[in-house]
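Q: only geometry, no sequence info:
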């Protein structure tokens, strides 16, 4: 734990109950997040990567405290926020903002742009209406929109523009930390490029810290400083992004990198393809969660869950074979 | 075909610059205009409103609607002097029907207004809160819903005593649960939407989230239902008056007029028929209106 | 009807498709010409709204009508013009000679019928087989597409299968009658990256095994680079560039293609701004006059706003629609 860290996540778990039967008793638990640890440093962009069902969105929602963690601890700027009361949490919410994936439903269709972007300010500050409007115009211009857009409804804008509005809203209180949950997944590639450039510009300008969640590895390596790869609720590998891309240790990370196609016909991927599908988080495999699809699986892997170990330079991986290798070295 | 689209485009451009709410209505106007039944409904409702507002001015015998009688003119059949004929006390039925519009609309507005005032907040709070609060509210709602609306209104009305005001209260009490249930269903799905989560993450206060974010997005089915209910409420009020529980003589309420006219129907058909027609036309008009609104609001939601 | 060596399997000429909407007439597709040879895999690539899906649907004459009209053009399939065929004739072609795989396997499979029943239906319909024989064939095809325990999958309902498995079922349904042409509309967009890799490998295998031509519609240039031989890039309803995959990726000519390739993040773009194309995709109700890309083009000239450049052949099968280039090569 470094003193400069903006966010620290320790042993985070989130289980959702599955209610069944006549009395709707809790029969099973969906282990959406099953023990996640990471830290994000100031002005860093931390990428959280994984496929669907790996729990990355749940991690985001728990950090934002829109859902409550089942176990674990969260620290924001040194303050523990895991069980913080509503009022105290509200004070901190000025500094933690979010941009969601769905440009369509992340803005209230019945509010005009001005009210949408003004809402955080109306909640937390005592500025006059004139001051708020002034600031809203300033924010819109910062994200590349214009004063004329103030009194329009979200549906009058394109997907890319709506995300800009969402970003303007996120910036309105000068936050320190922004959670970006797949903000460009629903956008075209050319629009995505605009938004990515905007986000990097803003980070530079306002010294922001980002938690960037995505399933797109190419995008993540472009924008992140450090990343963590998630599988079935746990982090299987994490570290500086260049290191992980040039030297992926965990078999899942390797498979993931091998699977992403690149826009170059001379580089044909698919030498090693991961078979099968992701097991259900309701019934995760025992031992290492990845062992069912791992070509190196051993007896230990089927029985014991591996811990994340540091292989040097902040590059951690959770795999028995890597552990053995590392111990031998 | 193409010319129409170009005309529409220019129309839309003219509308671009105005206030957002005006723009919204203006955008939908061409759709509304294309729907015949809705236009008929709107036309009739507007006509009724105008007639009702102008009733004191255009009725040939406004005093007949306010208590005066004219025994020499009893049971006159429809003529140029008395368009709808006269009733058992010699009163001009046409004037009384016109004034009846005011009463019916007042009933509709007050009853539905009260029902929404109680039903919407309960429903949206139940939907958003979930858990025990939701259970409690919904069970109470279910209790009310287990009685047929008319019977419940009848019982309450009888308990409160025969009067127009009492019948309005009674109908409102029978009506609010429908809105609660309707809005709760909507609220449960709306509260899952990202913009609500974003508001929670920003620290917006719960009450504001419920009434600023969730409720406005639940209104579409409510608007449709309420406009169709206008007709049903008027019909229910007329039924209560018919049974002697709502408006009392000499108020020119349509149901009451139908009821009294019943006694003389075989020989003087006009006492019952014209107020009856008024009820039918009003209820139909609101039905068309509600149907049309449903069509308009739905594809618009798709556009959104 | 046999094909000579160079006669294309599918040829689209002067196709214009429009839609009547609330906002006006949307000129969705305006294609000069497009060719697909036998056994070839063509990638039809472009962003949202560029008209690629509409083009595919037009080949199968699945454009909703009223609303959509095919204003002009010919679609020659093995020499016959599909646009002049009646609905009854088209029904014989769909599923049998040309079949389609859709994007979202959940909504393309009927949730109330077992998967096996849906798959057998197609065979019973087109191949005059009895149900029992059809079931045999279905199980064979299920195995061909790599479904584990085909018999169990046959008895399952769509919601009981994973996304990847459903897509394999869709693919098996599409190839069950040995079509000449397979149109795949964003077959992997709804799938995870590792599953996408499996499906792409499957498509490659199938292409080799059954010899069908594939028209792959996607917005993902990387996927195109992986399995296609030829690429057609679409923008705002027209084809702006066409050529082999090697030639397009190594030597993109059209400004749009160039910028599209440059704005994709990949190893190497780290640390610098992505080249973004400024401006927005134009409304197809009121498309820009002349070349539809000209308002966003860094090399725009006066001519570009006045007339539309046709597709010119630079001599090696590399076609581009831009005034910067002349017929036969040279700029």
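A: Everything's here; your move. Just so you know, these numbers come straight off a predicted model, no measurement behind them.
Q: Around chain C, pick out the residues from the stretch 101-250 of chain A.
A: Within reach of chain C by Cβ under 8 Å from any Cβ of the partner chain, the stretch 101-250 of chain A has these residues: A:158, A:160, A:188-190, A:192-194, A:196-197, A:200, A:215-219, A:221-223, A:241-242, A:245. Just so you know, the C-beta spots here come from the backbone N, C-alpha and C atoms, and that holds for glycine as well.
Q: If we use 6 Å, what do you get?
A: A:188, A:189, A:190, A:193, A:194, A:196, A:197, A:218, A:219, A:222 (Cβ under 6 Å from any Cβ of the partner chain).
Q: In TSV, list the residues you listed along with distance to residue A:93.
A: Listed next are those as TSV, based on distance: Cβ to Cβ, whole Å:
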residue	distance to residue A:93
A:188	32
A:189	33
A:190	34
A:193	31
A:194	28
A:196	26
A:197	27
A:218	32
A:219	27
A:222	29
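Q: Out of those residues, flag the one nearest to residue A:292.
A: residue A:218 (26.8 Å; Cβ to Cβ).
Q: Tell me how many other residues crowd that closest one.
A: 19 (other Cβ atoms under 10 Å in any protein chain shown).
Q: From chain B, how far out is it?
A: Separation of residue A:218 from chain B (Cβ to the nearest Cβ, to the nearest Å): 25 Å.
Q: now swap in residue A:86 and tell me
A: For residue A:86 relative to chain B (Cβ to the nearest Cβ), the value is 9 Å.
Q: Extract the residue ranges of chain B that are flagged as low pLDDT.
A: B:1-28, B:30-31, B:298-304 (pLDDT under 70).
Q: Now which of the residues of the stretch 101-250 of chain A next to chain C would you call buried?
A: Using 16 or more other Cβ atoms under 10 Å in any protein chain shown as the burial test, those include A:188, A:189, A:190, A:193, A:194, A:196, A:197, A:218, A:219, A:222 as buried.
Q: so which strand or helix has the fifth one?
A: So that's residue A:194. In the assignment (DSSP states H and E), residue A:194 maps to helix A:189-206.
Q: Closest one of the residues of the stretch 101-250 of chain A next to chain C to residue C:117?
A: Closest to residue C:117, out of all of those and judged by Cβ to Cβ, is residue A:188, at 38.0 Å.
Q: Contacts only, for that closest one.
A: C:47, C:48 (Cβ atoms under 6 Å, 6 or more residues apart in numbering or on different chains).
Q: what about residue 138, how many residues close to it?
A: Using chain A here. 13.
Q: try chain B instead
A: Residue B:138 has 19 nearby residues by other Cβ under 10 Å.
Q: Quick check: the gap between it and chain C.
A: Distance of residue B:138 to chain C, given as Cβ to the nearest Cβ: 29 Å.
Q: quick one: contacts for the residue in chain B positioned nearest to chain A?
A: Nearest residue of chain B to chain A (Cβ to the nearest Cβ) works out as residue B:203 at 3.5 Å. By Cβ under 6 Å, 6+ apart, the contact set of residue B:203 is A:90, A:93, A:123.
Q: got it, and residue A:290?
A: A:231, A:252 are the contacts of residue A:290 under Cβ under 6 Å, 6+ apart.
Q: distance of it from residue C:264?
A: Applying Cβ to Cβ, to the nearest Å, the value for residue A:290 to residue C:264 is 29 Å.
Q: tell me the helices in the stretch 101-250 of chain A, going along the chain?
A: Assigned by DSSP state H, counting those that start in this stretch, the helices in the stretch 101-250 of chain A fall at A:113-124, A:129-142, A:159-171, A:189-206, A:217-223, A:241-246.
Q: could you pull out the strands for the stretch 101-250 of chain B?
A: When secondary structure is read from DSSP state E, counting those that start in this stretch, the stretch 101-250 of chain B shows no strands.
Q: Columns mean pLDDT on top of the helices of the stretch 101-250 of chain A, output as a markdown table?
A: Formatted as a markdown table, those follow (pLDDT from 0 to 100):
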| stretch | mean pLDDT |
| --- | --- |
| helix A:113-124 | 92 |
| helix A:129-142 | 92 |
| helix A:159-171 | 92 |
| helix A:189-206 | 90 |
| helix A:217-223 | 90 |
| helix A:241-246 | 91 |
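Q: is chain A contacted by the host helix or strand of residue C:208?
A: Applying DSSP H and E as the criterion places residue C:208 in helix C:193-210. Yes - counting by Cβ under 6 Å from any Cβ, contacts between helix C:193-210 and chain A involve C:193, C:194, C:197, C:198, C:201.
Q: Show residues contacting that helix.
A: A:259, A:260, A:270, A:273, A:274, C:146, C:164, C:167, C:188, C:214, C:226, C:227.
Q: Residue B:41 and chain C: what is the separation?
A: 22 Å.
Q: Three-state assignment for that residue, please.
A: helix (DSSP: H, G, I helix; E, B strand; the rest coil).
Q: For the closest residue to it other than its chain neighbours, give its distance to residue A:263.
A: Sequence neighbours aside, residue B:288 is the residue nearest to residue B:41 in space, at 3.0 Å (criterion: Cβ to Cβ, 6 or more residues apart in numbering or on different chains). Distance of residue B:288 to residue A:263, given as Cβ to Cβ: 57 Å.
Q: between the two, who's got more neighbours?
A: The neighbour comparison of residue B:288 against residue A:263 (other Cβ under 10 Å) goes to residue B:288, with 24 against 18.
Q: The more buried one belongs to a helix?
A: Yes - Residue B:288: assigned to a helix according to three-state DSSP.
Q: so what's it up against?
A: By Cβ under 6 Å, 6+ apart, the neighbours of residue B:288 are B:37, B:40, B:41.
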